[in-house]
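Q: sequence first, then the predicted structure:
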Amino acid sequence: MTWRWPVGAYSTAMRIIHFSDFHAHWPWFDWAAREGARYDLAIHSGDFIDMRQPRIPAQANRVKGWSDALKGEWVFCSGNHEAEGFADHRLWMTTLGRMGVTTEVGRKILAGSEITVSGWRDPLTPPAETGLRWLTVHHEPPAETAVATDDHSDFGSFDLRQELENQQPDVLFCGHQHTPTRWHDRVGKTLCLNPGRSTHPAVPNFIVYDDQLKRAAFYMGGEVQAVLRLP
(Lines give C-alpha, C1' and ligand atoms only; values in the text may rest on other atoms or scores of the structure.)
Protein backbone atom coordinates (compact mmCIF):
# COMPACT_ATOMS: atom_id res chain seq x y z
CA MET A 1 0.00 0.00 0.00
CA THR A 2 1.26 3.48 -0.84
CA TRP A 3 0.65 6.42 1.50
CA ARG A 4 0.88 9.97 0.17
CA TRP A 5 0.94 13.34 1.80
CA PRO A 6 -1.27 15.89 -0.01
CA VAL A 7 0.41 17.76 -2.83
CA GLY A 8 1.69 21.10 -1.58
CA ALA A 9 1.65 20.00 2.06
CA TYR A 10 5.41 19.55 2.26
CA SER A 11 8.73 20.77 0.96
CA THR A 12 11.07 18.47 -0.94
CA ALA A 13 13.40 18.14 2.06
CA MET A 14 13.07 15.69 4.94
CA ARG A 15 14.64 14.98 8.29
CA ILE A 16 14.76 11.23 8.86
CA ILE A 17 15.78 9.37 12.01
CA HIS A 18 16.94 5.80 11.58
CA PHE A 19 17.55 3.09 14.17
CA SER A 20 17.70 -0.70 14.15
CA ASP A 21 18.21 -3.90 16.14
CA PHE A 22 16.41 -3.13 19.39
CA HIS A 23 16.13 -6.84 20.28
CA ALA A 24 13.36 -6.33 22.86
CA HIS A 25 15.30 -3.69 24.81
CA TRP A 26 12.14 -1.92 25.89
CA PRO A 27 13.56 1.44 27.08
CA TRP A 28 14.71 2.06 23.52
CA PHE A 29 11.18 1.62 22.20
CA ASP A 30 9.88 4.27 24.59
CA TRP A 31 12.68 6.64 23.63
CA ALA A 32 12.17 6.01 19.90
CA ALA A 33 8.44 6.74 20.12
CA ARG A 34 9.11 10.16 21.64
CA GLU A 35 12.05 11.02 19.41
CA GLY A 36 10.61 9.67 16.16
CA ALA A 37 7.58 11.94 16.40
CA ARG A 38 9.92 14.95 16.05
CA TYR A 39 11.01 13.96 12.53
CA ASP A 40 9.37 13.90 9.13
CA LEU A 41 10.01 10.14 8.99
CA ALA A 42 11.27 7.52 11.45
CA ILE A 43 12.74 4.22 10.22
CA HIS A 44 13.32 1.02 12.18
CA SER A 45 15.17 -1.47 10.01
CA GLY A 46 14.33 -4.71 11.81
CA ASP A 47 14.98 -7.01 14.77
CA PHE A 48 12.30 -5.64 17.07
CA ILE A 49 12.14 -8.86 19.09
CA ASP A 50 14.88 -11.12 20.41
CA MET A 51 14.36 -14.74 19.41
CA ARG A 52 16.87 -15.82 22.09
CA GLN A 53 14.66 -14.43 24.84
CA PRO A 54 11.61 -16.36 26.09
CA ARG A 55 7.94 -15.52 25.59
CA ILE A 56 8.05 -14.40 21.98
CA PRO A 57 4.22 -13.94 21.87
CA ALA A 58 4.51 -11.52 24.79
CA GLN A 59 7.31 -9.67 23.00
CA ALA A 60 5.15 -9.49 19.88
CA ASN A 61 2.21 -8.07 21.81
CA ARG A 62 4.40 -5.44 23.40
CA VAL A 63 5.80 -4.33 20.03
CA LYS A 64 2.26 -4.23 18.62
CA GLY A 65 1.06 -2.00 21.48
CA TRP A 66 4.04 0.28 20.94
CA SER A 67 3.38 0.51 17.21
CA ASP A 68 -0.30 1.28 17.70
CA ALA A 69 0.54 4.30 19.87
CA LEU A 70 3.14 5.86 17.54
CA LYS A 71 2.66 9.34 16.15
CA GLY A 72 3.96 10.56 12.81
CA GLU A 73 5.28 8.73 9.76
CA TRP A 74 7.16 5.45 10.25
CA VAL A 75 8.68 2.66 8.17
CA PHE A 76 9.41 -0.85 9.52
CA CYS A 77 11.01 -3.91 7.98
CA SER A 78 11.53 -7.37 9.44
CA GLY A 79 14.90 -8.72 10.50
CA ASN A 80 16.22 -12.22 11.02
CA HIS A 81 14.89 -12.32 14.59
CA GLU A 82 11.35 -11.83 13.28
CA ALA A 83 11.93 -14.37 10.50
CA GLU A 84 13.19 -17.01 12.94
CA GLY A 85 10.92 -16.08 15.84
CA PHE A 86 7.56 -16.32 14.03
CA ALA A 87 5.96 -19.02 11.94
CA ASP A 88 4.89 -16.25 9.52
CA HIS A 89 6.84 -13.09 10.19
CA ARG A 90 5.38 -11.27 7.17
CA LEU A 91 1.87 -11.76 8.52
CA TRP A 92 2.97 -10.51 11.95
CA MET A 93 4.61 -7.43 10.43
CA THR A 94 1.33 -6.49 8.74
CA THR A 95 -0.28 -6.24 12.19
CA LEU A 96 2.09 -3.35 12.94
CA GLY A 97 0.77 -1.33 10.02
CA ARG A 98 -1.66 1.57 10.55
CA MET A 99 -2.16 5.00 9.07
CA GLY A 100 1.34 6.46 8.91
CA VAL A 101 3.19 3.15 9.41
CA THR A 102 4.46 1.26 6.35
CA THR A 103 5.79 -2.31 6.63
CA GLU A 104 6.91 -5.32 4.55
CA VAL A 105 7.06 -4.87 0.78
CA GLY A 106 5.31 -1.52 1.00
CA ARG A 107 6.02 2.01 -0.12
CA LYS A 108 5.47 5.55 1.07
CA ILE A 109 5.74 8.81 -0.88
CA LEU A 110 6.85 11.82 1.14
CA ALA A 111 8.47 15.12 0.24
CA GLY A 112 9.62 14.21 -3.24
CA SER A 113 10.92 10.79 -2.20
CA GLU A 114 9.57 7.28 -2.59
CA ILE A 115 10.49 5.06 0.34
CA THR A 116 10.22 1.33 -0.36
CA VAL A 117 10.40 -1.47 2.21
CA SER A 118 11.59 -5.06 1.88
CA GLY A 119 11.36 -7.83 4.46
CA TRP A 120 14.06 -10.24 5.58
CA ARG A 121 15.76 -11.88 2.59
CA ASP A 122 13.21 -10.35 0.20
CA PRO A 123 14.43 -8.58 -2.94
CA LEU A 124 14.29 -4.81 -3.12
CA THR A 125 10.84 -3.40 -3.66
CA PRO A 126 11.18 -1.31 -6.84
CA PRO A 127 9.81 2.23 -6.93
CA ALA A 128 6.45 2.83 -8.58
CA GLU A 129 7.09 6.48 -9.47
CA THR A 130 9.65 8.14 -11.71
CA GLY A 131 11.43 11.41 -11.05
CA LEU A 132 11.48 10.96 -7.25
CA ARG A 133 14.38 10.18 -4.96
CA TRP A 134 14.37 6.50 -4.11
CA LEU A 135 15.05 5.58 -0.49
CA THR A 136 14.85 1.91 0.47
CA VAL A 137 14.78 0.00 3.77
CA HIS A 138 16.18 -3.51 4.24
CA HIS A 139 17.50 -5.23 7.35
CA GLU A 140 20.59 -6.75 5.75
CA PRO A 141 23.40 -4.53 4.49
CA PRO A 142 25.15 -5.25 1.18
CA ALA A 143 28.12 -7.62 1.32
CA GLU A 144 31.72 -6.37 1.19
CA THR A 145 30.90 -2.92 2.49
CA ALA A 146 31.90 -1.11 5.67
CA VAL A 147 28.29 -1.19 6.89
CA ALA A 148 28.29 -5.03 6.72
CA THR A 149 31.70 -5.90 8.13
CA ASP A 150 33.63 -5.75 11.37
CA ASP A 151 37.05 -7.16 12.28
CA HIS A 152 35.81 -10.73 12.12
CA SER A 153 32.78 -11.10 9.87
CA ASP A 154 30.75 -9.92 6.91
CA PHE A 155 27.02 -10.02 7.67
CA GLY A 156 26.07 -8.61 4.29
CA SER A 157 24.02 -10.00 1.44
CA PHE A 158 25.62 -10.60 -1.95
CA ASP A 159 22.18 -10.69 -3.56
CA LEU A 160 21.38 -7.26 -2.15
CA ARG A 161 24.72 -5.88 -3.29
CA GLN A 162 24.01 -7.02 -6.84
CA GLU A 163 20.55 -5.45 -6.70
CA LEU A 164 22.03 -2.16 -5.55
CA GLU A 165 24.62 -2.25 -8.32
CA ASN A 166 21.90 -2.87 -10.90
CA GLN A 167 19.11 -0.63 -9.57
CA GLN A 168 20.99 2.16 -7.77
CA PRO A 169 18.54 3.60 -5.23
CA ASP A 170 19.68 6.87 -3.70
CA VAL A 171 19.83 5.65 -0.08
CA LEU A 172 19.64 2.28 1.69
CA PHE A 173 18.73 2.25 5.40
CA CYS A 174 19.85 -1.06 6.94
CA GLY A 175 21.01 -2.77 10.13
CA HIS A 176 21.91 -6.36 11.14
CA GLN A 177 25.65 -5.80 11.63
CA HIS A 178 25.80 -4.48 15.21
CA THR A 179 29.38 -3.23 15.06
CA PRO A 180 29.96 -2.05 11.49
CA THR A 181 33.41 -0.91 10.47
CA ARG A 182 31.80 2.38 9.50
CA TRP A 183 28.22 3.64 9.71
CA HIS A 184 28.13 4.63 6.04
CA ASP A 185 29.42 3.35 2.71
CA ARG A 186 28.46 3.42 -0.94
CA VAL A 187 27.63 0.86 -3.60
CA GLY A 188 27.87 2.89 -6.77
CA LYS A 189 25.70 5.97 -6.16
CA THR A 190 23.73 4.28 -3.34
CA LEU A 191 24.52 5.65 0.10
CA CYS A 192 24.20 2.81 2.66
CA LEU A 193 23.53 3.74 6.30
CA ASN A 194 23.71 1.39 9.31
CA PRO A 195 23.57 2.81 12.86
CA GLY A 196 24.66 -0.48 14.45
CA ARG A 197 23.54 -1.48 17.93
CA SER A 198 24.28 0.69 20.93
CA THR A 199 26.22 -0.41 24.00
CA HIS A 200 24.59 2.47 25.90
CA PRO A 201 21.49 1.13 27.66
CA ALA A 202 19.57 4.42 27.79
CA VAL A 203 19.68 5.50 24.14
CA PRO A 204 20.05 3.47 20.93
CA ASN A 205 22.46 4.38 18.20
CA PHE A 206 20.76 6.37 15.48
CA ILE A 207 21.38 8.28 12.28
CA VAL A 208 19.75 11.55 11.28
CA TYR A 209 19.53 12.00 7.52
CA ASP A 210 18.78 15.64 6.71
CA ASP A 211 18.52 16.51 3.05
CA GLN A 212 17.79 20.16 3.77
CA LEU A 213 21.09 20.64 5.58
CA LYS A 214 22.68 18.13 3.17
CA ARG A 215 24.17 15.98 5.87
CA ALA A 216 23.83 12.68 7.70
CA ALA A 217 24.92 12.47 11.33
CA PHE A 218 25.69 9.40 13.44
CA TYR A 219 24.75 9.45 17.14
CA MET A 220 25.96 7.19 19.94
CA GLY A 221 24.85 7.66 23.54
CA GLY A 222 22.69 10.54 22.32
CA GLU A 223 25.73 12.53 21.13
CA VAL A 224 26.92 13.27 17.58
CA GLN A 225 29.95 11.14 16.75
CA ALA A 226 30.43 11.92 13.05
CA VAL A 227 28.88 13.93 10.23
CA LEU A 228 28.77 13.03 6.53
CA ARG A 229 28.18 15.80 4.02
CA LEU A 230 25.69 14.85 1.31
CA PRO A 231 26.05 15.87 -2.33
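A: Sure, I can see it. Numbers count the residues shown, from 1 in each chain.

Q: CA atoms for contacts and neighbours, from now on please.
A: Noted.

Q: separation between the residue nearest the centre of the chain and residue 148?
A: Centroid check for the chain by CA atoms, centre = their mean gives residue 45 as the closest residue, at 3.0 Å. For residue 45, the distance to residue 148 equals 14 Å [CA to CA, to the nearest Å].

Q: equivalent analysis for residue 132, please.
A: 27 Å.

Q: between those two, which is the more surrounded one?
A: Ranked by neighbour count (other CA atoms under 10 Å), residue 132 and residue 148 place residue 148 first, with 31 against 17.

Q: isn't residue 149 up against residue 178?
A: No: counting by CA atoms under 8 Å, residue 149 sits too far from residue 178 to count as a contact (9.3 Å).

Q: can you map out the strands along this protein?
A: 2-4, 15-19, 41-44, 74-76, 101-102, 107-110, 113-117, 133-137, 171-173, 184-187, 190-193, 206-210, 215-220, 223-229 (DSSP state E).

Q: ok now stretch 166-175, how far from the chain's centre?
A: 11 Å (CA atoms, centre = their mean, to the nearest Å).

Q: kindly apply the preceding question to stretch 19-38 instead.
A: 12 Å.

Q: and stretch 212-222, by the same measure?
A: Put simply, stretch 212-222 sits 15 Å off its chain's centre (CA atoms, centre = their mean).

Q: same deal with stretch 71-84?
A: 8 Å.

Q: buried residues in that stretch?
A: 71, 73-83 (16 or more other CA atoms under 10 Å).

Q: do the same with stretch 148-163
A: In stretch 148-163, counting by 16+ other CA under 10 Å, buried: 148-150, 154-157, 160-161, 163.

Q: can you give me the end-to-end distance of that stretch?
A: End-to-end distance of stretch 148-163 (CA to CA): 15 Å.

Q: who touches it?
A: 123-124, 140-145, 176-177, 179-181, 187 (CA atoms under 8 Å, 6 or more residues apart in numbering).

Q: before we move on, back to that, per-residue confidence for the residue nearest to the centre of the chain?
A: Looking at residue 45, its pLDDT is 98.

Q: then residue 22?
A: Residue 22 is given a pLDDT of 98.

Q: give me the distance between the closest residue in space to it that isn't next to it in sequence and residue 12.
A: Take residue 22 and drop its neighbours on the chain: the residue closest to it by CA to CA, 6 or more residues apart in numbering is residue 48, 5.3 Å away. Here residue 48 is placed at a distance of 30 Å from residue 12 (CA to CA).

Q: which helix is the longest one in this structure?
A: helix 56-68 (DSSP state H).

Q: bridged to residue 18, which residues?
A: residue 43, residue 207 (DSSP bridges).

Q: I'd say it and residue 173 touch.
A: Yes: counting by CA under 8 Å, residue 18 does reach residue 173; the two are 7.3 Å apart.

Q: mind listing the shared neighbours of the two?
A: 43, 45.

Q: and residue 64, what is it in contact with?
A: By CA under 8 Å, 6+ apart, residue 64 lies in contact with 95-96.

Q: go again using 6 Å as the cut-off
A: residue 96 (CA atoms under 6 Å, 6 or more residues apart in numbering).
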